[in-house]
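> here is my input; please provide its structure:
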Amino acid sequence: MCGITGFYTLRGKHRIDKRVIKIMTSSLKHRGPDDFGIYVDEKIALGHRRLKIIDLTNKGRQPMSDSNREVFIVFNGEIYNFLEIRKELIKNGYKFNSKSDTEVIIYAYKEWGIDAIHRFNGMFAFGLYDKEKNLFYLVRDRLGIKPLYYTIFNNKLIFSSEIKSILKYPMFKKEPNLEAISSYLSYRYVIGEETFFKNIYSLLPGYYLKIEEGKISKVEYWDIPIIKNKKDMGKEYYMKKLKELLIRSIKLRMISDVPLGAFLSGGLDSSIIVAIMSQIKKEKIKTYSIAFKQKEFNELNYAKLIADRYKTNHREIIIDAKKYLKTMKELIRYKDAPLAVPNEIPLYLMSKVLKRDITVVLSGEGADEIFYGYGRLFRSPFDYYRLKKIPYSIRKLFFKSLIKKYENRKLDNEIDHFLFLYNYFPLNEKKFIFNKYMNELIKNDYKLRKIFYSYFNRITNLNYYDKISYVFEKIHLVGLLGRVDNSTMATAVEARVPFVDHNLVEFAFSIPHKYKLKWKSLFLFLKAIFKNTDEISENLDTTKYILRETFKKDIPLDILKRKKKGFPVPLDLWFKGDFINYARNMLLDKNARIKKILDQKKLGQWIEKNIAKGDEDKFGQKLWMILNVEIWLREYFG
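Here you go, the predicted model:
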């Protein structure tokens with residue numbers, strides 16, 4: 001796990017100033033405090049900050065090359081099956097100088113070319129320079145666990161693990177990408193390739209860039225295999241295979257030359273990971289939980305159930321509002337972007353504490369997307385099918401619950417229905433607070449809708465349930481993984497995510513949706529016909545059914561029966577207290593940077609209206625997001 005950066009000259013050769021790559025690399029020190037290295041020739045500059053995880057000797061130093069100095073690499077991540085690949089390469093005559101997975105990538109490339117990436121099980125972002133063939137590759141892992149940003153500027157492809165390094169390149173002019181802010185408010189992340197900075201892009205998961213003779217080609221090397229007509233193999237088959245794959249995934253992610261542990265929220269996913277880790281490892285597992293002082297936002301008792309059952313070396317961390325707010329600016333500077341979800345800050349603070357004991361931590365991200373953990377959204381096709389089949393006149397008489405949720409809204413297709421539910425900050429609400437320039441710029445979020453349409457159009461033959469899972473895996477998951485990478489790497493901690501193993505993901509998409517989201521009984525299914533998804537979810541059905549069934553002997557009943565609850569942050573409570581004055585002063589000040597985007601008069605009206613209502617859905621988080629944008633603008637364009 002490390003920080004990588006560099007630039008490649010597209011046409012011709014130029015003298016490269018080593019000071020530039022040193023400055024760019026130094027900006028990533030927090031990602032890799034253990035070592036530093038650069039490589040420069042007349043074509044390329046590569047920089048690396050190292051966090052030692054595998055092969056702690058200097059032989060693991062990067063940039064690394066083969067013995068003939070024909071292939072050079074800077075690599076961030078882990079190839080978990082590197083030992084298997086290494087054995088095969090040794091049989092083929094290759095000799096290794098180190099015990100690192102980085103060197104395995106180099107010789108795998110020499111043996112199989114860029115197609116070697118299909119053999120890798122892991123999280124990875126790397127720049128690979130084939131000096132002999134004058135080729136350069138920029139590669140990101142299949143599901144986007146590791147970040148990778150790039151820009152084209154001054155006849156160079158400039159890349160990095162974090163945007164801050166690109167901003168250090170001489171003469172590069174940073175500009176805010178205001179359209180990205182609209183995406184952020186709607187979906188909490190910037191959807192697609194764009195970032196909060198103009199002309200800086202995120203390489204999409206499952207893609208690589210290839211540069212040959214000055215020409216850049218973008219190649220999608222992996223996508224989720226789509227099974228149109230799934231053959232039902234039966235519940236027992238899926239349970240057995242799921243258990244095998246997840247145990248293997250966790251075993252691989254426990255390979256480390258430094259101490260490791262696990263986040264333990266008390267939810268289903270982290271509890272399963274800790275249970276399996278405890279069964280694999282003889283020594284006590286180190287586990288970490290975090291919560292707020294307020295009782296209703298403290299779920300440490302659930303984490304303690306697992307910690308006690310598996311006798312883990314458990315640590316609890318308590319934070320308050322003052323510490324939370326103080327940390328916001330700090331973490332925004334690490335991320336180079338507004339924070340996506342409020343629990344990024346607790347995750348960062350917890351990583352700071354656990355860094356004293358461990359360097360590698362396992363985390364539960366990725367289970368909800370493949371096993372239907374977001375119940376209200378994954379059950380929503382049940383709403384959609386009734387909306388399409390039942391005339392409004394009959395709905396009005398017998399399906400008042402659907403009328404309450406959807407009113408007389410015209411949702412012509414599955415995409416419109418999905419976006420109505422997935423949209424965090426509704427377009428009409430955004431348009432009210434946006435200024436005239438911003439409203440003209442976003443054109444009713446046309447570009448954002450186009451991205452969602454492009455993904456839905458790939459999977460036209462799937463049922464709506466599986467379409468939602470596919471879109472979550474391709475769009476939503478990337479944002480979650482970015483949150484984990486940023487919050488942990490800011491403290492030089494490596495987070496590993498067993499549920500994002502591509503073999504497990506591919507298998508999960510072969511499981512019929514009835515095994516992921518199951519009605520509790522026939523009677524409750526009949527009862528559900530007259531209710532909407534919000535009333536149905538986790539009351540009349542069971543989310544992540546196959547996962548719960550597979551590990552029911554390993555997890556306490558109280559956790560197995562728990563409803564889905566993201567890490568609770570008391571935002572609404574804070575914004576009803578003294579904190580609202582802090583938000584008003586920041587956002588309504590005559591010098592506020594948010595004026596570039598929002599109409600301050602309307603913003604003030606929107607704030608007061610929601611405070612008066614007292615029950616506005618997600619108001620606290622929406623205001624928190626706007627505050628994030630203001631802080632980001634001040635930090636980077638103040």
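
> export stretch 33-51 as PDB, just CAs?
Only the C-alpha atoms of stretch 33-51 are listed here, as PDB (Å, rounded to 0.1, in the frame of the first residue of the first chain):
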ATOM      1  CA  PRO A  33       5.900   7.200   5.400                       C
ATOM      2  CA  ASP A  34       8.300   4.300   5.400                       C
ATOM      3  CA  ASP A  35      10.300   4.900   2.200                       C
ATOM      4  CA  PHE A  36      10.700   7.200  -0.800                       C
ATOM      5  CA  GLY A  37      11.900   6.700  -4.400                       C
ATOM      6  CA  ILE A  38      12.000   8.200  -7.800                       C
ATOM      7  CA  TYR A  39      13.000   7.200 -11.300                       C
ATOM      8  CA  VAL A  40      13.700   9.700 -14.100                       C
ATOM      9  CA  ASP A  41      14.800   9.400 -17.800                       C
ATOM     10  CA  GLU A  42      14.200  11.600 -20.800                       C
ATOM     11  CA  LYS A  43      10.700  10.100 -21.300                       C
ATOM     12  CA  ILE A  44       9.200   9.500 -17.900                       C
ATOM     13  CA  ALA A  45       9.300  10.500 -14.200                       C
ATOM     14  CA  LEU A  46       8.000   8.000 -11.600                       C
ATOM     15  CA  GLY A  47       7.600   8.700  -7.800                       C
ATOM     16  CA  HIS A  48       6.700   6.400  -5.000                       C
ATOM     17  CA  ARG A  49       6.000   6.700  -1.200                       C
ATOM     18  CA  ARG A  50       6.100   3.300   0.500                       C
ATOM     19  CA  LEU A  51       4.000   1.800   3.300                       C
END
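
> that one: how far from the chain's middle?
Relative to the chain's own centre, stretch 33-51 is displaced by 26 Å; criterion: C-alpha atoms, centre = their mean, to the nearest Å.

> likewise for stretch 155-168?
Its chain's C-alpha centre and that of stretch 155-168 lie 20 Å apart, by C-alpha atoms, centre = their mean.

> quick one: neighbours of K168, just the number.
Neighbour count of K168, defined by other C-beta atoms under 10 Å: 20. To be clear about C-beta, it is placed using only N, CA and C from the backbone, and glycine gets the same treatment.

> give me the distance between it and I16.
K168 sits 15 Å away from I16, taking C-beta to C-beta, to the nearest Å as the criterion.

> and the residue nearest to V484 when sequence neighbours are not counted, what element?
Sequence neighbours aside, A495 is the residue nearest to V484 in space, at 4.9 Å (criterion: C-beta to C-beta, 6 or more residues apart in numbering). Using DSSP states H and E, A495 sits within strand 494-496.

> now do that strand: distance to the chain's middle.
Distance of strand 494-496 from the chain centroid (C-alpha atoms, centre = their mean) equals 12 Å.

> and that strand, what does it pack against?
strand 360-362, helix 477-489 (3 or more C-beta pairs under 8 Å, 6 or more residues apart in numbering; DSSP states H and E).

> helix or strand right after the shortest one?
I take that to be strand 360-362. Next in line after strand 360-362, if elements are assigned by DSSP H and E, sits helix 367-371.

> list of residues touching that following helix?
268-269, 373-374, 469, 472-473, 476-477, 499, 504-505, 508-509, 516, 543-544, 546-547, 564 (C-beta atoms under 8 Å, 6 or more residues apart in numbering).

> number of residues surrounding R409?
Neighbour number of R409 under other C-beta under 10 Å is 10.

> now P556
For P556, the neighbour count with other C-beta under 10 Å is 17.

> again, but for I44
Neighbour tally, I44, other C-beta under 10 Å: 22.

> cool, S271 as well?
Applying other C-beta under 10 Å, we find 29 residues neighbouring S271.

> buried ones in the strand holding A495?
For strand 494-496, a neighbour-count test (16 or more other C-beta atoms under 10 Å) marks 494-496 as buried.

> pLDDT below threshold where in this structure?
Judged by pLDDT under 70, the chain has its weakly predicted residues at 294-298, 566-568, 571-578, 614-617.

> the helices and strands packed on strand 494-496: which one's closest to F126?
Proximity to F126, assessed across the helices and strands packed on strand 494-496 by C-beta to C-beta, is greatest for helix 477-489 (15.0 Å).

> ok now that closest one, how far from the chain's centre?
Using C-alpha atoms, centre = their mean, the offset of helix 477-489 from its chain centre is 5 Å.

> by contact count, what packs against that helix?
Helix 477-489 packs on helix 321-335, helix 344-354, strand 494-496, going by 3+ C-beta pairs under 8 Å, 6+ apart.

> I would like the residues contacting the shortest one, please.
If you take C-beta under 8 Å, 6+ apart as the criterion, strand 494-496 is touched by 1, 51, 53, 78, 123, 253, 359-363, 484-485, 488-489.

> rerun that using 10 Å as the cut-off
With contact meaning C-beta atoms under 10 Å, 6 or more residues apart in numbering, strand 494-496 is reached by 1-2, 31, 51, 53, 77-78, 80, 122-123, 145, 249-250, 252-256, 258, 260, 262-263, 273, 347, 351, 358-363, 365, 481, 484-485, 487-489.

> please identify the deepest-packed of the helices and strands packed on strand 494-496.
strand 360-362 (a mean of 25; mean count of other C-beta atoms under 10 Å).

> strand partners (parallel or antiparallel) of that one?
strand 260-263 (parallel), strand 494-496 (parallel) (DSSP bridges).

> stretch 176-195: end-to-end distance?
Terminal residues of stretch 176-195 are spaced 9 Å apart (C-alpha to C-alpha, to the nearest Å).

> tell me the buried residues in it?
The neighbour-count check on stretch 176-195 (16+ other C-beta under 10 Å) flags 176-192, 194-195 as buried.

> wait, what's in contact with the residue nearest in space to the middle of the chain?
Residue closest to the average C-alpha location in the chain (C-alpha atoms, centre = their mean): L481, at 2.1 Å. Counting by C-beta under 10 Å, 6+ apart, L481 makes contact with 123, 141, 143-147, 205, 363, 365-366, 495, 497, 500.

> switch to 7 Å and redo it
144-145, 365, 497 (C-beta atoms under 7 Å, 6 or more residues apart in numbering).

> neighbouring strands - and their directions - for the helix or strand harbouring T287?
Taking DSSP H and E as the definition, one finds T287 inside strand 286-292. Strand 286-292 has the following sheet partners, assigned by DSSP bridges: strand 260-263 (parallel), strand 313-319 (parallel).

> closest one to Y201 among those strands?
strand 260-263 (30.2 Å).

> show residues contacting the closest one.
If you take C-beta under 7 Å, 6+ apart as the criterion, strand 260-263 is touched by 254, 270, 273-274, 277, 285-288, 354, 357-358, 360-363.

> how about stretch 78-85?
Contacts to stretch 78-85, defined as C-beta under 7 Å, 6+ apart, come from residues 1, 53, 101, 104-105, 108, 119-124, 252-253, 255.

> show me which of the residues you listed are buried.
By neighbour count, with 16+ other C-beta under 10 Å, those hold 1, 53, 101, 104-105, 108, 119-124, 252-253, 255 as buried.

> which of the residues you listed fall in helices?
101, 104-105, 108, 252 (DSSP state H).

> okay, those in JSON lines with distance to E213 next?
Listed next are those as JSON lines, based on distance: C-beta to C-beta, whole Å:
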{"residue": "D101", "distance to E213": "31"}
{"residue": "V104", "distance to E213": "29"}
{"residue": "I105", "distance to E213": "24"}
{"residue": "A108", "distance to E213": "24"}
{"residue": "L252", "distance to E213": "38"}
